[in-house]
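Peer 1: okay, structure incoming, though there's no sequence with it:
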């Protein structure tokens, strides 16, 4: 007899036993926990999304602040123009003041400018738990203005003459004709490098000539006469050809000038956009020979940096040379004054390059070169000199205390390079005998960090020419001075 298996219901409740509800309870707990956790998870995920958006906005705001600060600082110390330039650049980068951002600008001193951009952060998810968030970024830019080249007095380039009883400057200003030898020292005048008006154009030639700055102090209430010494071509028979202890060297050829004056504007360190003041002055031959003449009168109360251009007035082929000097004469100081000691003194400087003709019996023959602000003390100074050294034995660079400073040097053509060495007096110098720098541009680099800035009573560097025995220090050189590095930069 076969016994059949009886089917069995697994987990079937016994008669009278209630059903097991543990699964439903587990499901309820899970659902509850999920409901409790999912909201924070969603908030965290949403916050992460918003955080990424804030990072992008912050990055864009920082870039816009940097660009706006750099655009504005070049207009300093005119804060109104700097503010306008900054807002324009910020708008180009997507931030409009009063629309989607608040932009605050501020001038710091005369050469720094700050920009702060504040804009709302995106609140796609985080608004469920956070108050609105503003994102702010700021930048500070600094502009290093061009170096003032010349001297600290209101007279520039008067060589061996004394004005107001002051010591002569030992250096004459002047320019040469277009067809001069490229080895004659005036880098902007000669047209060609192969010979006098040859066929190879000079890369340095500039028919615009040279620019000079007449810096009238803020608060000046007096008219200023801009006087020019010996502006016309002048060659009296008693003027020596090469040197004179009492006057300028003899002028060669028939070189005529045009002097053009430009008014100060809101960009004191941009000399290309100034408006011409009055008519140009074109002195006649032999006009004011060996004397000063008033070429322009600057109206009373007009402070700022006036710009004077000196250039050859016609396209002649002369190979001559013509000397002149500048003197800013105000009623408060009819003679010579110093910007170092007199805040009302009008400064006169060369812009970018200064042509200098020395003619001195002094040994050494010393003349002022440039004013270097102590804010540059951790930088390096580059001094350029075209066609340096005829008529002397060595050249020295002097700090404001009159001490010789060490420097390295090299010529643009690579023919000469090295470091200053101990001269006969044991101090640093550059030997220039044998005309080794004839027709060459030599660059001298001075490390300003090694100087004793705290001991200086002024900030003017000088040049010393050490002459050869029984000779006069005679040389025509075009000097330039700049601080190495980007003149426009972010500092914060």
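Peer 2: Structure received. Remember, predicted model here, so these are calculated numbers, not experimental data. Numbering: from 1, shown residues only.

Peer 1: helices along the protein, start to end?
Peer 2: 22-73, 79-92 (DSSP state H).

Peer 1: least reliable of these by average pLDDT, please.
Peer 2: When these are compared by mean pLDDT, helix 22-73 comes last with a mean of 71.

Peer 1: contacts only, for residue 489.
Peer 2: Going by C-beta atoms under 8 Å, 6 or more residues apart in numbering, residue 489 touches 141-142. All C-beta atoms are positioned from the backbone trio N, CA, C, and that covers glycine.

Peer 1: that one and residue 79: what is the separation?
Peer 2: Residue 489 is 19 Å from residue 79, where distance means C-beta to C-beta, to the nearest Å.

Peer 1: wait, residue 282 touches residue 313, no?
Peer 2: Yes - counting by C-beta atoms under 8 Å, residue 282 does reach residue 313; the two are 5.4 Å apart.

Peer 1: shared neighbours, those two?
Peer 2: Listed contacts common to residue 282 and residue 313 are 256-258; contacts here mean C-beta under 8 Å, 6+ apart.

Peer 1: adding pLDDT, write those out as a markdown table.
Peer 2: Shown next, in a markdown table, are these (pLDDT from 0 to 100):
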| residue | pLDDT |
| --- | --- |
| 256 | 85 |
| 257 | 88 |
| 258 | 93 |
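
Peer 1: got a winner among those for most neighbours?
Peer 2: With neighbours defined as other C-beta atoms under 10 Å, the most crowded of the shared contacts of residue 282 and residue 313 is residue 257; it has 22 neighbours.

Peer 1: residue 133 and residue 160: what is the separation?
Peer 2: Distance, residue 133 to residue 160, using C-beta to C-beta: 71 Å.

Peer 1: what about those two, which has more around it?
Peer 2: More crowded of residue 133 and residue 160, by other C-beta under 10 Å: residue 160, with 21 against 14.

Peer 1: touching, residue 265 and residue 274? I think so.
Peer 2: Yes - the criterion here is C-beta under 8 Å, and residue 265 meets it with residue 274 at 5.3 Å.

Peer 1: for residue 438, grab phi and psi.
Peer 2: phi -60, psi 120 (degrees, to the nearest 10).

Peer 1: quick one, what contacts it?
Peer 2: Neighbouring residues of residue 438 by C-beta under 8 Å, 6+ apart: 183, 387, 389-390.

Peer 1: what would those residues look like in CSV with pLDDT?
Peer 2: Output for the contacts of residue 438, formatted as CSV (pLDDT from 0 to 100):
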residue, pLDDT
183, 86
387, 92
389, 82
390, 74
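
Peer 1: tabulate these (CSV), appending neighbour count and distance to residue 438.
Peer 2: Supplementary listing: those in CSV, determined by neighbours: other C-beta atoms under 10 Å; distance: C-beta to C-beta, whole Å:
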residue, neighbour count, distance to residue 438
183, 16, 5
387, 23, 6
389, 23, 8
390, 19, 7
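
Peer 1: closest to residue 224 among these?
Peer 2: Taking C-beta to C-beta as the measure, residue 224 lies nearest residue 387 of those, at 33.8 Å.

Peer 1: and the closest one, its phi and psi?
Peer 2: Dihedral angles for residue 387 - degrees, to the nearest 10 - are phi 60, psi 50.

Peer 1: tell me the contacts of it?
Peer 2: Contact partners of residue 387, counting by C-beta under 8 Å, 6+ apart, are 183-185, 187, 437-440, 476-478.

Peer 1: tell me how far it lies from residue 326.
Peer 2: Separation of residue 387 from residue 326 (C-beta to C-beta): 23 Å.

Peer 1: just the strands in the stretch 251-400 of the chain please.
Peer 2: All strands of the stretch 251-400 of the chain, identified by DSSP state E, counting those that start in this stretch, fall at 257-262, 292-298, 304-312, 321-330, 347-351, 353-360, 365-371, 380-386, 394-398.

Peer 1: and if you look at the stretch 51-200 of the chain?
Peer 2: Counting by DSSP E, counting those that start in this stretch, the strands of the stretch 51-200 of the chain are 102-108, 112-120, 134-143, 148-150, 155-156, 171-176.

Peer 1: quick one: contacts for residue 207?
Peer 2: With the criterion set at C-beta under 8 Å, 6+ apart, residue 207 makes contact with 311-312.

Peer 1: distance of it from residue 320?
Peer 2: 16 Å.

Peer 1: one more: residue 56?
Peer 2: 66 Å.

Peer 1: also residue 73?
Peer 2: Taken as C-beta to C-beta, the span from residue 73 to residue 320 is 44 Å.

Peer 1: can you pick out the residue with more neighbours from these two?
Peer 2: A count of neighbours by other C-beta under 10 Å puts residue 73 above the other of residue 73 and residue 320, at 27 against 18.

Peer 1: okay but that one is in contact with residue 113, surely?
Peer 2: Yes - Residue 73 is in contact with residue 113 according to C-beta under 8 Å; the separation is 3.9 Å.

Peer 1: okay, now residue 169: neighbour count?
Peer 2: Other residues within reach of residue 169 by the criterion other C-beta under 10 Å amount to 27.

Peer 1: let me know the pLDDT of it.
Peer 2: 77.

Peer 1: what's near enough to touch it?
Peer 2: 151, 153, 155-159, 367-368.

Peer 1: mind giving me the PyMOL command for buried ones among those?
Peer 2: Buried subset of those, written as a PyMOL selection, criterion 16 or more other C-beta atoms under 10 Å:
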select buried, resi 151+153+155+156+157+158+159+367+368
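
Peer 1: just curious, which of the contacts of residue 169 is nearest to residue 212?
Peer 2: Ranked by distance to residue 212 (C-beta to C-beta), the contacts of residue 169 are led by residue 156 at 7.3 Å.

Peer 1: tell me the pLDDT at the closest one?
Peer 2: 92.
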